[in-house]
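> here is a sequence with its predicted model. Questions after.
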Amino acid sequence: MDNLWAIPFGIWAMVPALMPNSVAVLFGGGLPVDFGRTWKGKRIFGDGKTWGGFIGGAAVGMLVGMITLLLAQVYPPDVWWPGAPVGYGFGDMPQAIGVVFLLAVGAMLGDMAGAFIKRRLGYERGRKVPILDQYDFVAGALLLNLVFYPSWVLNTFVYGLGWISLLIVLVLVWVLHRGFNIIGYKAGLKKEPW
Ligand code: CTP
Ligand code: MG
């Protein structure tokens, strides 16, 4: 994918991973994923990781991903963007659905892994940990796909111009994370503006 298409596609492809975290806050407040259990005196994940947030977030991410796949069926990119790959860039439909699924679920698992690390470091829920807070879900989404669809991840985010879209995604995530958290705080959904 040495065509310029690779850059917008990489950003577009991450949308199913970007959604879950921002909407999880709307589904929070219920049963914690760790059921309140502790490990070595600290909560496993803490009250910030709930089943509602996990399932709701992952479901919205998948739904949005399915809509992007549907859009690509209705308006095939290779028709309106010269040089765009036939079939959009997600591969065939089974792979496309698999990638979208793993992006959404991986994002939520990455977010939980981030909370797990924070608890092991002794940080209470909501404590600000730069880099980890912003990128745990990006890492989760990409690593889970790397296990099942390694060539898709490498072709989309590393090879050719792919690394440029990854770079833009990382900057975008930083800005969006800030923006969403300020909105969530002002709306009374979050206790801290980060
Ligand atoms: N949330 C949830 N379930 C998840 C992820 C998030 O219910 N699996 C909700 C929680 O209400 C959480 C909010 O979304 O407080 C914001 O998520 P996040 O910033 O990741 O959690 P924190 O409260 O900051 O907790 P932690 O320190 O564990 O990251
Ligand atoms: Mg947080």
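Good, I have the coordinates. Ligands and ions are numbered 1, 2, ... in the order given.
> count of neighbours near the residue of the chain found nearest ligand 1?
As assessed by Cβ to the nearest ligand atom, ligand 1 sits closest to Gly53 within the chain, at 2.0 Å. (Each C-beta comes from the backbone N, C-alpha and C, glycine too.) The number of residues packed near Gly53 is 25, by other Cβ atoms under 10 Å.
> and what of Ala84?
21.
> next one: Met112
Met112 has 22 nearby residues by other Cβ under 10 Å.
> where's it, which helix or strand?
Per DSSP states H and E: Met112 is located in helix 93-120.
> that helix near ligand 1 at all?
Yes: for a cut-off given as Cβ under 6 Å from any ligand atom, helix 93-120 has contacts with ligand 1, namely Met108, Asp111, Ala115, Lys118.
> just the buried ones from these?
Met108, Asp111, Ala115, Lys118 (16 or more other Cβ atoms under 10 Å).
> Ile131: which of the residues you listed is nearest?
Nearest to Ile131, judged by Cβ to Cβ, of those is Lys118 at 11.8 Å.
> now that closest one: closest residue in space, sequence neighbours ignored.
Excluding the flanking residues, the one nearest Lys118 by Cβ to Cβ, 6 or more residues apart in numbering is Val129, at 5.8 Å.
> who's in contact with that neighbour?
Applying Cβ atoms under 8 Å, 6 or more residues apart in numbering to Val129 gives the contacts Gly114, Lys118, Leu121, Tyr123.
> next, it: phi, psi?
phi -130, psi 90 (degrees, to the nearest 10).
> one step back: check which element follows the helix holding Met112 along the chain.
Criterion used, DSSP H and E; the element after helix 93-120 is helix 132-148.
> burial of the closest residue to Glu124 other than its chain neighbours, as a residue count?
Among residues not flanking Glu124 along the chain, Gly46 sits closest, at 7.6 Å (Cβ to Cβ, 6+ apart). By the measure other Cβ under 10 Å, the count of residues near Gly46 is 23.
> before we move on, back to that, helices and strands around the helix holding Met112, which ones?
helix 15-27, strand 42-43, helix 51-74, helix 132-148 (3 or more Cβ pairs under 8 Å, 6 or more residues apart in numbering; DSSP states H and E).
> do the second one and ligand 1 meet at all?
Read that as strand 42-43. No: using Cβ under 6 Å from any ligand atom, strand 42-43 stays clear of ligand 1, coming no nearer than 8.7 Å.
> neighbouring strands of that strand in the sheet, and parallel or not?
The strands beside strand 42-43 in its sheet (DSSP bridges) come out as strand 38-39 (antiparallel).
> tell me how far the partner strand is from the chain's mean position?
27 Å (Cα atoms, centre = their mean, to the nearest Å).
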